[in-house]
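> here is a sequence together with a model predicted from it:
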Amino acid sequence: MNSGDSPSDLYIWQNDAWPRLHYDLSRLAAPLALVHAARGRLAGRMADVGMPQLAQANLRVLTDDVVKTSAIEGERLDANAVRSSIARRLGIDIGALALADRHVDGVVEMVLDATTASVAPLTAQRLFGWHAALFPTGYSGMSVIRTGAWRDDASGPMQVVSGPIGRRKVHFEAPPAAILEEEMPRFLGWFEGATDDDPVVHAGLAHLWFVTLHPFDDGNGRIARVVGDMALARAEGSAQRFYSLSAQIQRERNDYYEMLERTQKGTMDVTPWLAWFAGCLLRAVEGAELLLSEVLTRHRFWQRWAPVPLNARQVKLLNRLLDGFDGKLTSSKWSAIAKCSADTALRDINELLALGVLQRSGSGGRSTSYELVIDF
């Protein structure tokens, strides 16, 4: 630290005390207790669920996790391609699979490796493998990047910026690449070493520490989040995931970036970051209760209607409704999604109305719309 600098002028990695991050456990006791209680309740509910439903819940969560961790960085992945990629790797039967997508497969491989093999050591080579999987072509957009290796800052300091050219705002500047050969082994040694930290605190610190070092040309946020997920999976002792922290972070994306930026220019006391992290995790776990209810509803729905012969179009549209259809289902939307004529769509719908599977929606509007009958 230069004599004229105050802590608020420096990034935390420039502080003489780096990387000795510290926190006030008394201020974290209450949020941590809430997180652990919520995780315990969720684990209890999952223990009473059958294996097929557990597999479906795991598939839903992992799909959400992969899609949303990319969405945080402004990248949109096709959810069907992600779901198919995960199902293919986990051996889950979901019917027809979408065509393989090399980029999607790379993100899926990283997330699955971190969570299903969380007990395996986190090493530089493992991180390099994840990074190479994220960028299989060696490009990030139109830019060539170093893959499977620490950044070298050949194009200048690693910075997180926003705004148009000429009016760029620098939100964060990472440590020089020259010190990564020293910093990354120190981080990995800490991650793998014995610690008295609460598991949630350990995950939050790992997330922050990794994203502070920003060791790669691109993909640092996604890898930081998966490192945190790996720490949580280790603590839970389970390869299956029933909540998605990345999905919750995506919902709170602005707060997430604001908290990271504030922490990077703060003191070595990272209690506020850990309190936010625990709160975000709590909301993710509580949100999983809704997901579990949806999985169980789907299971009971198909148990009830399994004896009734339905055509492939009807099965497809009913599954779309069970997944949470965006907007109102009309005969014209049925026709478009099922790729059939208007007459065929109306015939499909009328059959389901007669059976009591569908009912006309009471929401009104210019076009008649339909909704599932859930009466169990």
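Looks like it arrived, so ask away.
> check contacts around Tyr23.
Val201, Asp269, Val270, Thr271, Leu274 (C-beta atoms under 8 Å, 6 or more residues apart in numbering). To be clear about C-beta, it is placed using only N, CA and C from the backbone, and glycine gets the same treatment.
> find the nearest non-adjacent residue to it, please.
Thr271 (4.4 Å; C-beta to C-beta, 6 or more residues apart in numbering).
> report how many residues lie close to that neighbour.
The tally of other residues near Thr271 (other C-beta atoms under 10 Å) stands at 19.
> may I have the lowest-mean-pLDDT helix or strand in the chain as CSV, with CA atoms only?
Taking mean pLDDT, DSSP states H and E as the measure, the chain has strand 159-162 as its least confident helix or strand, at a mean of 85. Below are the C-alpha coordinates for strand 159-162, written out as CSV (Å, rounded to 0.1, in the frame of the first residue of the first chain):
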residue,chain,number,x,y,z
GLN,A,159,-10.7,-5.1,-16.5
VAL,A,160,-14.4,-5.3,-16.0
VAL,A,161,-15.9,-2.4,-17.9
SER,A,162,-19.2,-1.1,-19.1
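> start the count at 53, not 1, going forward
In the new numbering, first residue 53, that becomes strand 211-214.
> before we move on, the earlier item: mind pulling up the pLDDT for the residue nearest to Tyr75?
Here the pLDDT value assigned to Thr323 is 98.
> that one reaches Pro83, doesn't it?
No - counting by C-beta atoms under 8 Å, Thr323 does not reach Pro83; the two are 10.5 Å apart.
> returning to what we had before: the least confident helix or strand of the chain pairs with which strands, parallel or anti?
Applying DSSP bridges to the sheet, strand 211-214 is found paired with strand 221-225 (antiparallel).
> helix or strand right after the partner strand?
Downstream of strand 221-225, the first helix or strand assigned by DSSP states H and E is helix 232-244.
> residues in contact with that following helix?
Contacts for helix 232-244 (C-beta under 8 Å, 6+ apart): 71, 173-176, 202-203, 227, 258, 261-262, 265, 267, 279, 283.
> swap the cut-off to 6 Å and go again
Pro173, Leu174, Trp202, Ala258, Trp261, Leu265, Pro267 (C-beta atoms under 6 Å, 6 or more residues apart in numbering).
> so which of the residues you listed sit within helices?
Ala258, Trp261, Leu265 (DSSP state H).
> so where's the stretch 103-252 of the chain shaky on pLDDT?
148 (pLDDT under 70).
> do that again at 90, thanks
By pLDDT under 90, the weakly predicted segments of the stretch 103-252 of the chain are 103-110, 112, 126, 132, 144-155, 193-195, 200, 207, 212-222, 246-248.
> please enumerate the helices of it.
Taking DSSP state H, counting those that start in this stretch, the helices of the stretch 103-252 of the chain run over residues 103-123, 131-142, 154-168, 176-186, 232-244, 251-265.
> which one of those is the most hemmed in?
When you average the neighbours per residue for each of these (mean count of other C-beta atoms under 10 Å), helix 251-265 leads with a mean of 23.
> tell me what that helix is packed against?
Contacts defined by 3 or more C-beta pairs under 6 Å, 6 or more residues apart in numbering; DSSP states H and E place helix 251-265 against helix 232-244, helix 272-288, helix 323-357.
> need those in JSON lines (columns: distance to Tyr309).
Output for these, formatted as JSON lines (distance: least, C-beta to C-beta, whole Å):
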{"stretch": "helix 232-244", "distance to Tyr309": "22"}
{"stretch": "helix 272-288", "distance to Tyr309": "9"}
{"stretch": "helix 323-357", "distance to Tyr309": "11"}
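> out of those helices, indicate the one that is most buried.
helix 272-288 (a mean of 22).
> measure how far that one is from the centre of its chain, please.
Distance of helix 272-288 from its chain centroid, counting by C-alpha atoms, centre = their mean, to the nearest Å, is 10 Å.
> what's the answer for stretch 153-164, then?
For stretch 153-164, the distance to the chain centre is 13 Å (C-alpha atoms, centre = their mean).
> pipe the ones in helices among the contacts of helix 232-244 into JSON lines and attach distance to Ser207 and pLDDT per row.
Formatted as JSON lines, those follow (distance: C-beta to C-beta, whole Å; pLDDT from 0 to 100):
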{"residue": "Ala258", "distance to Ser207": "28", "pLDDT": "98"}
{"residue": "Trp261", "distance to Ser207": "24", "pLDDT": "98"}
{"residue": "Leu265", "distance to Ser207": "18", "pLDDT": "98"}
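> count of residues packed around Arg203?
Count around Arg203 with other C-beta under 10 Å applied: 20.
> and it, how far is that from Pro209?
Note on Arg203: its distance to Pro209, by C-beta to C-beta, to the nearest Å, is 10 Å.
> and what of Ile301?
26 Å.
> which of the two has more neighbours?
Neighbour comparison, Ile301 and Pro209: the larger count goes to Ile301, with 25 against 11 (by other C-beta under 10 Å).
> dump the residue contacts of that one.
Tyr308.
> show the backbone phi and psi for Ser290.
Main-chain torsions, Ser290, degrees, to the nearest 10: phi -130, psi 140.
> confidence score at it?
85.
> what domains does the record give for this protein?
Following automatic domain parsing, the chain resolves into domains at 72-348, 360-424.
> how about the contacts of Tyr75 in TSV, adding distance to Arg135?
Shown next, in TSV, are the contacts of Tyr75 (distance: C-beta to C-beta, whole Å):
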residue	distance to Arg135
Val253	33
Asp321	42
Val322	36
Thr323	38
Leu326	33
